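Asker: Fold the following for me, if possible:
(one chain, ligands or ions: 2)
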Amino acid sequence: MEIRKIGVIGAGQMGSGIAQVAAQSGYQVVLMDVEELSLRKGIEAIRRSLERFLRKEKITQEEADAALGRIETTLNPADFADCDLVVEAIVENESVKAGLFQTLDKVVKPEAVFASNTSSIPITKLASYTSRPERFIGMHFMNPVPLMKLVEVIRGYKTSDEVTKVVMATAEKMGKVPVEVNDFPGFVSNRVLIPMLNEAIQAVMEGVATPEAIDTVMKLGMNHPMGPLTLADFIGLDTVLAIMEVLHEGFGDSKYRPSPLLKKMVQAGLLGRKSGQGFYKYDEKGNKIG
Ligand code: CAA
Ligand code: NAD
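Answerer: Ligands and ions are numbered 1, 2, ... in the order given. Next up is the predicted model:
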């Protein structure tokens, strides 16, 4: 099984990053979203990231142009028909992902592999919405995709050995380090990370300290590159909440209860960096202000 053409669905922060690293690694890429505006923003993010690599002389102008030239955009799932691998990176919502995979199953060639970049939704469950659960796998990239080395590769109950091998090799070709894990709520990365972010949010709610103070404690005290509230804003508070809800339901354990403050902020549309406000405020380029 050879992977040559990769479809990426969702042109948000993760999908645009996945499309970028795939194109930089020589794959033909089709990038889809439901909104033309999201596609434009996604391509703009790719352009900005390539420019940063260019400025630091990590890539040449020819390489940047070639990568952009390998990405086509579409609003139509039928354009994925001849893709060898389709990576889904849309909103963290099981029913929305289920509807998408049911459509893809009908239009994408049967031998193609489906991968989800979900942060927490069971891969076995998502695979069950298709007729190819043995060719379905979790391919969990980390944010920001162009910089982060890890890809958590999650095997569903029926994922075949061959598909796992091909996806591990594809992640390596993209310059990443794949780590194979089993399908449990939150996998490894988010089972460990997200409860810590939730706890930091709970500490804000209880008035233990300001967001700035909590972030400084974790940055200077634990050498984390970003404090937990900056990181929660960076991931997206809607995504953090969705992951906590999957952990809470999946384990049935009250220790995973989402912080009421997190719920309230998401209800108010404060989603973090992508909406311009979360624990901090951001300009339209995503830089912290104030
Ligand atoms: N593309 C290209 N280059 C980029 C970039 C991008 N998208 N983003 C940042 N850079 C470059 C910058 O230009 C800068 O380069 P120089 O050092 O040469 O100037 C460098 O990367 C560092 O960037 P910054 O100075 O802006 O900021 P920083 O030093 O804080 O580093 C960071 C940024 C690498 C993101 C770092 O803060 C970090 O590692 N943060 C934690 C990220 C993390 O934990 N990610 C996992 C999130 S959880 C997840 O992904 C799973 C999930 O399901 C929720
Ligand atoms: P995002 O909100 O930045 O982007 C989601 C994109 O999907 C949007 O552009 C939206 O228009 C599009 N979309 C929604 N429904 C669609 C559909 N039916 N078909 C096509 N496009 C659709 O979200 P994100 O942060 O990029 O997260 C995407 C996925 O990646 C989620 O499953 C998330 O859990 C996971 N993830 C996120 C992070 C992170 O740090 N944000 C890290 C790893 C994994």
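
Asker: For the chain, name the helix or strand with the lowest mean pLDDT.
Answerer: The helix or strand of the chain with the poorest confidence is strand 288-289; it has a mean of 94 (mean pLDDT, DSSP states H and E).

Asker: show me where the stretch 151-290 of the chain has strands.
Answerer: Listed in chain order, the strands of the stretch 151-290 of the chain (DSSP state E, counting those that start in this stretch) span 177-182, 281-282, 288-289.

Asker: Tell me which of those is the most buried.
Answerer: Most buried of the strands of the stretch 151-290 of the chain, by mean neighbour count (mean count of other C-beta atoms under 10 Å): strand 281-282, with a mean of 16. C-beta here means a position set from N, CA and C on the backbone, and glycine is covered the same way.

Asker: Is there a neighbour count for K56? I'd like the number.
Answerer: Neighbourhood size, K56 [other C-beta atoms under 10 Å]: 8.

Asker: still on that earlier bit, of the strands of the stretch 151-290 of the chain, give the one that comes closest to I9.
Answerer: With respect to I9, and counting by C-beta to C-beta, the nearest of the strands of the stretch 151-290 of the chain is strand 177-182 at 20.4 Å.

Asker: Can you tell me what sits against the closest one?
Answerer: Strand 177-182 has contacts (C-beta atoms under 8 Å, 6 or more residues apart in numbering) with 149-155, 164, 167-168, 171-172, 187-188.

Asker: Please identify the pairing partners of it and their relative orientation?
Answerer: Sheet pairing of strand 177-182 (DSSP bridges) gives strand 150-155 (parallel).

Asker: taking the mean pLDDT, what do you get for the partner strand?
Answerer: For strand 150-155, the mean per-residue pLDDT is 98.

Asker: send the alpha carbons of it over as CSV?
Answerer: C-alpha atoms of strand 150-155 as CSV (Å, rounded to 0.1, in the frame of the first residue of the first chain):
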residue,chain,number,x,y,z
LEU,A,150,4.9,13.7,18.2
VAL,A,151,2.2,11.8,16.3
GLU,A,152,0.2,9.6,18.7
VAL,A,153,-0.9,6.6,16.5
ILE,A,154,-4.1,5.1,18.0
ARG,A,155,-5.2,1.6,17.0
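
Asker: quick one: it near ligand 2?
Answerer: No - Strand 150-155 does not reach ligand 2 (C-beta under 6 Å from any ligand atom); its nearest approach is 9.0 Å.

Asker: what comes up buried for that strand?
Answerer: Within strand 150-155, the residues that count as buried by 16 or more other C-beta atoms under 10 Å are 151-155.

Asker: Tell me the one among those nearest to ligand 2.
Answerer: In terms of C-beta to the nearest ligand atom, no member of these lies closer to ligand 2 than E152, at 9.0 Å.

Asker: thinking in terms of the whole chain, how far from its middle is stretch 9-23?
Answerer: Here stretch 9-23 is found 9 Å from its chain centre; the criterion is C-alpha atoms, centre = their mean, to the nearest Å.

Asker: oh, and call the first residue 45 from now on, that's how I've got it
Answerer: From this message on, residue numbering opens at 45, which makes the last subject stretch 53-67.

Asker: Tell me if that stretch is near ligand 2.
Answerer: Yes - judged by C-beta under 6 Å from any ligand atom, stretch 53-67 comes into contact with ligand 2 at 53-59.

Asker: Using neighbour counts, pick out the buried residues of that stretch.
Answerer: Within stretch 53-67, the residues scored as buried using 16+ other C-beta under 10 Å are 53-67.

Asker: Among those residues, name the ones in helices.
Answerer: Judged by DSSP state H, helices contain the following of the buried residues of stretch 53-67: 57-67.

Asker: Export the residues you listed as CSV, with columns for distance to K100 and pLDDT.
Answerer: Converted to CSV, these look like this (distance: C-beta to C-beta, whole Å; pLDDT from 0 to 100):
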residue, distance to K100, pLDDT
Q57, 21, 94
M58, 23, 97
G59, 24, 98
S60, 19, 98
G61, 17, 98
I62, 21, 98
A63, 21, 98
Q64, 15, 98
V65, 16, 98
A66, 21, 98
A67, 19, 98
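
Asker: ok, so of these, who is nearest ligand 1?
Answerer: G61 (6.8 Å).

Asker: isn't the closest one right up against N187?
Answerer: Yes - with contacts counted by C-beta atoms under 8 Å, G61 reaches N187, the gap being 7.2 Å.

Asker: right, and the strands of the stretch 195-334 of the chain - which one's nearest V152?
Answerer: V152 lies closest, by C-beta to C-beta, to one member of the strands of the stretch 195-334 of the chain: strand 221-226, at 22.6 Å.
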